[in-house]
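Trainee: just a sequence and a predicted model for now, questions to come.
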Amino acid sequence: MPGFMPAIYVFTVQKEDADGRNIGERSDAVLRTTMPAMTENKMPMPAVAAPIPNDLESFWMPFTPNRAFKRAPRLITRAKDMHYFTPEGRAVLDGTAGLWCTNAGHNRDPIVAAIKRQAEELDYAPAFQFAHPKSFELASRVAALAPGDLNRVFFCNSGSEAVDTALKMALAYHNVRGEAARTRLIGRERGYHGVGFGGISVGGIVANRKLFGTLLAGVDHLPTTYSREHQAFTKGEPDWGGHLADELERIVALHDASTIAAVIVEPMAGSTGVLPPPKGYLQKLRAICDRHGILLIFDEVITGFGRLGYAFAAERYGVIPDLITFAKGITSGAVPMGGVITRDGIYETFMRGPEHVPELFHGYTYSAHPLACAAGLATLDLYRDENLFERAKTLEPRWADAAMTLKGLPGVLDIRTLGLTAGIDLAPRPGAPGLRGYETMERAFRDESLMVRIAGDTIELMPPLIVSEAQIGEIFDKVGRVIKAAA
Ligand code: PLP
């Protein structure tokens, strides 16, 4: 966005002058950008533009330590393929597909063109009572990618909305079929399902449980599938832990199946550190759910669209859940979109009652937004035309080997890999959990021009699926240097 970039810097400098704050510390990245910036291919970028009423203070940044960031910002102004670019034109290798989303790489021409065309043709159309054709086209394409009879697609705008939608569908499904007592929802420790009240209730993240009150009533949790003692330094699915699915039988025995609506799990827990499912675990969960009439929801917000070498993890494991949530990769991150895929039987169960009344009392103003649908169709074309899911599968052994080269570096407690993902646990600094992780992320960005993600003291990596073998080597070389520097 030329124009925006220089403007914010000019204003930041002016404001800090007036307030007498420490310019050097707060505007380091900023001041340099008033020089003509060079891109990777040496094209000069435009410099200074008119000041706008903007500074770093107004934006309350999500999931970010705001004070630390605003003292030393990590700004991104442009991206292409595997790289981000800072305001001064420094290329930063994207080791995280943005935030698990830009699976096709950044600013891909066909996606950009599709969004432009759509914006000119139809900016918005309501999805309540009306519709535009691309919403049906995209739903059919998503259904075709999903395994088995997962054929019905409901659109929303994010993973969090997808999760809440799926949970509401599960409750309403049992209600309309006359088992309204099935209200209990089962999640898992260390599960992440977004930030809505439904998602944080079934999720198993301590900070959510500590900060946001009592959450939804009637929720229980399976134990986490992770055990360092039994699984450390495993490539792919660990041998140990399949038996942990049997804990669902214990929960059913406690509450009685007649009160349980659904079980929701991520096939691979991503946000809490990349925790691959133990061998046989998901298959067992499916069997227990079947035995007790409980719906099984796979939250595939990050595992969907090729991350594990398949369109969905459900396919990798040969397990058909009743509902799949998706988001992120559907548009390769270019326009917000999420959704839920359900099996035919669930949709059909709702198709009763008077025909002039909506069968499911749920939806979002921006469900199936035209720009998102256009971006989604172009993205799915790219995945197909460039065989990107297959590519992830082919690269998985190379990726896993490269990740394991970091074993033995100072403070590395465990490394896990699955598909094109890796989690590297570092020993926490005494009395300051998360600090070493934070330092590695900072150093990676500033010293190595690499974007990594952190979950506490765990480094998470998940590059766009277009990553080359050479870039895989580059990612882990850089991470290795950073780990040593932050030891
Ligand atoms: N579910 C899973 C498994 C996720 O990993 C995430 C985000 O990372 C979400 C839900 C929430 O998605 P969003 O941030 O788009 O709301």
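Mentor: Received the coordinates, thanks.
Trainee: number of nearby residues for the closest residue to the ligand within the chain?
Mentor: Residue of the chain nearest the ligand, by CB to the nearest ligand atom: Gly159 (2.2 Å). Just so you know, the C-beta spots here come from the backbone N, C-alpha and C atoms, and that holds for glycine as well. Gly159 has 30 neighbouring residues, counting by other CB atoms under 10 Å.
Trainee: which residues does it contact?
Mentor: 193-194, 299, 301-302, 325-328, 338 (CB atoms under 8 Å, 6 or more residues apart in numbering).
Trainee: tell me where the stretch 251-400 of the chain has strands.
Mentor: Ranges of strands within the stretch 251-400 of the chain are 260-265, 295-299, 323-326, 338-343, based on DSSP state E, counting those that start in this stretch.
Trainee: quick one on the thing from earlier: state the pLDDT value of the residue of the chain closest to the ligand.
Mentor: Listed pLDDT for Gly159 reads 98.
Trainee: that one and Ala444, how far apart?
Mentor: 25 Å (CB to CB, to the nearest Å).
Trainee: same check, this time on Ala422
Mentor: Applying CB to CB, the value for Ala422 to Ala444 is 14 Å.
Trainee: same check, this time on Arg184
Mentor: For Arg184 relative to Ala444 (CB to CB), the value is 42 Å.
Trainee: where does pLDDT dip in this structure?
Mentor: Residue ranges of the chain with pLDDT under 70: 1-54.
Trainee: how about the residues of it by the ligand?
Mentor: Taking CB under 6 Å from any ligand atom as the contact definition, the chain meets the ligand at 100, 158-160, 163, 192-194, 266, 270-271, 299, 301-302, 327.
Trainee: are any of those residues buried, and if so which?
Mentor: Buried residues within the residues of the chain next to the ligand, counting neighbours by 16 or more other CB atoms under 10 Å: 100, 158-160, 163, 192-194, 266, 270-271, 299, 301-302, 327.
Trainee: which one of those is nearest Ala170?
Mentor: Ala170 has its nearest neighbour among these in Val163, at 10.9 Å by CB to CB.
Trainee: so what's the closest one up against?
Mentor: 193-194, 196, 198-199, 202, 264, 299, 301, 325.
Trainee: domain map for this structure?
Mentor: Domain segmentation of the chain under automatic domain parsing yields 4-107+388-485, 110-385.
Trainee: from these, which stretch is densest packed?
Mentor: domain 110-385 (a mean of 20; mean count of other CB atoms under 10 Å).
Trainee: surely Phe326 is in contact with Ala313?
Mentor: No. Using CB atoms under 8 Å, Phe326 makes no contact with Ala313, being 10.8 Å away.
Trainee: which neighbours do these two have in common?
Mentor: What both Phe326 and Ala313 touch, as defined by CB under 8 Å, 6+ apart, is the set 300, 304.
Trainee: ok, the residue nearest to Glu121 when sequence neighbours are not counted - contacts?
Mentor: Excluding the flanking residues, the one nearest Glu121 by CB to CB, 6 or more residues apart in numbering is Pro370, at 7.9 Å. Contact partners of Pro370, counting by CB under 8 Å, 6+ apart, are 118, 121-125, 132, 134.
Trainee: let's see that with 10 Å instead.
Mentor: By CB atoms under 10 Å, 6 or more residues apart in numbering, the residues touching Pro370 are 115, 118-119, 121-125, 127, 132-135, 335.
Trainee: Throw those into CSV and include secondary structure, thanks.
Mentor: Output for the contacts of Pro370, formatted as CSV (DSSP: H, G, I helix; E, B strand; the rest coil):
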residue, secondary structure
Ile115, helix
Gln118, helix
Ala119, helix
Glu121, helix
Leu122, coil
Asp123, coil
Tyr124, coil
Ala125, coil
Ala127, coil
His132, coil
Pro133, helix
Lys134, helix
Ser135, helix
Val335, coil
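Trainee: just the residues you listed now: which is nearest His174?
Mentor: Checking those against His174 by CB to CB gives Ala127 as the nearest, at 25.3 Å.
Trainee: would you confirm that the closest one contacts Gly363?
Mentor: Yes. Contact criterion CB atoms under 10 Å: Ala127 and Gly363 qualify, at 6.6 Å.
Trainee: next, Met337: phi, psi?
Mentor: phi -160, psi 140 (degrees, to the nearest 10).
Trainee: just give the nearest non-adjacent residue to it, would you?
Mentor: Per CB to CB, 6+ apart, closest to Met337 is Ala372, 3.9 Å.
Trainee: again with Leu254
Mentor: Asp220 is the one closest to Leu254 (CB to CB, 6+ apart), at 7.6 Å.
Trainee: so what's the one you found up against?
Mentor: Contacts of Asp220 (CB under 10 Å, 6+ apart): 184-188, 202, 247-248, 250-252, 254-255, 260, 263.
Trainee: ok, Arg188 next?
Mentor: 202-204, 220-225, 244, 247-248, 263-266, 269, 272, 275, 285.
Trainee: now with 6 Å, please.
Mentor: Arg188 sits next to 204, 221-222, 265 when contact means CB atoms under 6 Å, 6 or more residues apart in numbering.
Trainee: repeat that for Gly98.
Mentor: Here Gly98 is in contact with Gly333 (CB under 6 Å, 6+ apart).
Trainee: please apply the same query to Ala217.
Mentor: Contacts of Ala217 (CB under 6 Å, 6+ apart): none.
Trainee: can you confirm Leu413 is in a strand?
Mentor: Yes. Assessed with three-state DSSP, Leu413 lies in a strand.
Trainee: separation between it and Asp425?
Mentor: 4 Å.
Trainee: returning to what we had before: touching, the residue nearest to Met337 and Ala334? I think so.
Mentor: No. Contact criterion CB atoms under 6 Å: Ala372 and Ala334 do not qualify, at 8.6 Å.
Trainee: circling back to that earlier point, nearest to Met169 among the contacts of Asp220?
Mentor: After measuring those against Met169 - CB to CB - the closest member comes out as Leu185, at 11.7 Å.
Trainee: with adjacent residues omitted, what lies nearest to Pro358?
Mentor: Phe128 (8.0 Å).
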